[in-house]
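[1] What would the 3D arrangement of this be:
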Amino acid sequence: MSWTEETLAGKKLDIFQPAKPVRPHCALLFLHPYGLETLRDNPVYTRLFEQHNLPCVSPHGQHSWWADRICTEFDPALTAERFVLDHVVPFMRQRWQLSPKNIGLFGISMGGQGALRLAFKHAAVFPVVAGISSALDYHQLYGQGLPLDDMYDSKEQCRQDTALLHVPPYNGPPHIHFCIDPDDEEWFRGNDRLHEKLAALGVAHTVDLTTQAGGHSWDYFNHRAEPVVRFLLAGLDHESRQLM
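    Numbering: from 1, shown residues only. So this is what the prediction gives:
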């Protein structure tokens, strides 16, 4: 089992290729957190990917919040969202000869909210999505001198682009999971609100808002690795059977 680095449209990708000779029937796309840590060489996730014969692609998105907004730190003309949709997804489908709907999307913190928003906006591409410790209320960081300030004209414009405001009234992703440690004070309420909104709309989802394993930390992120990967696999398996 090994991770490699490749370049796509001038951007770095960390790619995990399982050692098994059997062609994988699905793959995972991981969006990294604000600390820019991909899953490269993470022993917990790497073991699960190898165990389940799961390729994983982890693009480098800088501090773009994976939004459809120009973040000059990432690119002066291409948004992170369009990079994922127009470059990374076709790359993954071609690399592993994947059928449509055979890519599971997930992320941590900044990447968790990005994964959920992308799936809410593009459910046909990402029917299976999971967010770990998702930083859903990231508009609260507006005005602190971060790249976010140049991406949006105001805190309210930023809020309007959060995942909660992109929840589709119908035809959303059929497999949604998100989780957060209740001790994660900065981001817990946003996840709780998303759970309330999805429940009110009758949108099927699974959620864990009670497991405590270290707050907003890699202790928690790694603790949730196995249940999240199991969820993604189950959803992808269901979608593949729907295509038959």
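
[2] can I assume F178 sits in a helix?
    No. Assessed with DSSP: H, G, I helix; E, B strand; the rest coil, F178 is strand; it does not lie in a helix.

[3] Am I right that it is in contact with D192?
    No. F178 lies out of contact with D192 (CB atoms under 8 Å); the separation is 10.4 Å. Just so you know, the C-beta spots here come from the backbone N, C-alpha and C atoms, and that holds for glycine as well.

[4] So for the two, which sits in the more crowded spot?
    In this view F178 and D192 are compared by other CB atoms under 10 Å, and F178 has more residues nearby, 27 against 15.

[5] out of everything not next to it in sequence, what's closest to that one?
    Excluding its sequence neighbours, the residue lying closest to F178 (CB to CB, 6 or more residues apart in numbering) is G131, at 4.1 Å.

[6] and stretch 152-172, C-alpha only, in PDB?
    Written as PDB, here are the backbone C-alpha positions of stretch 152-172 (Å, rounded to 0.1, in the frame of the first residue of the first chain):
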ATOM      1  CA  TYR A 152     -16.800  37.200   0.100                       C
ATOM      2  CA  ASP A 153     -18.000  40.800   0.200                       C
ATOM      3  CA  SER A 154     -19.600  40.400   3.700                       C
ATOM      4  CA  LYS A 155     -20.200  38.100   6.600                       C
ATOM      5  CA  GLU A 156     -23.800  37.700   5.400                       C
ATOM      6  CA  GLN A 157     -22.800  36.800   1.900                       C
ATOM      7  CA  CYS A 158     -20.500  34.200   3.400                       C
ATOM      8  CA  ARG A 159     -23.300  32.800   5.600                       C
ATOM      9  CA  GLN A 160     -25.500  32.500   2.500                       C
ATOM     10  CA  ASP A 161     -23.000  30.100   1.000                       C
ATOM     11  CA  THR A 162     -22.800  27.700   3.900                       C
ATOM     12  CA  ALA A 163     -23.900  24.100   3.600                       C
ATOM     13  CA  LEU A 164     -27.100  24.800   5.700                       C
ATOM     14  CA  LEU A 165     -28.200  27.300   3.000                       C
ATOM     15  CA  HIS A 166     -27.600  24.800   0.200                       C
ATOM     16  CA  VAL A 167     -29.700  21.900   1.600                       C
ATOM     17  CA  PRO A 168     -31.900  20.900  -1.400                       C
ATOM     18  CA  PRO A 169     -35.700  20.700  -0.800                       C
ATOM     19  CA  TYR A 170     -35.700  17.500  -2.800                       C
ATOM     20  CA  ASN A 171     -33.500  15.200  -4.800                       C
ATOM     21  CA  GLY A 172     -30.600  15.600  -2.400                       C
END
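
[7] And it, how far out from the chain middle?
    For stretch 152-172, the separation from the chain centroid amounts to 16 Å (computed by CA atoms, centre = their mean, to the nearest Å).

[8] Can you point out the buried residues in that stretch?
    Neighbour-count burial for stretch 152-172, counted by 16 or more other CB atoms under 10 Å, picks out Y152, C158, R159, D161, T162, A163, L164, H166, V167, G172.
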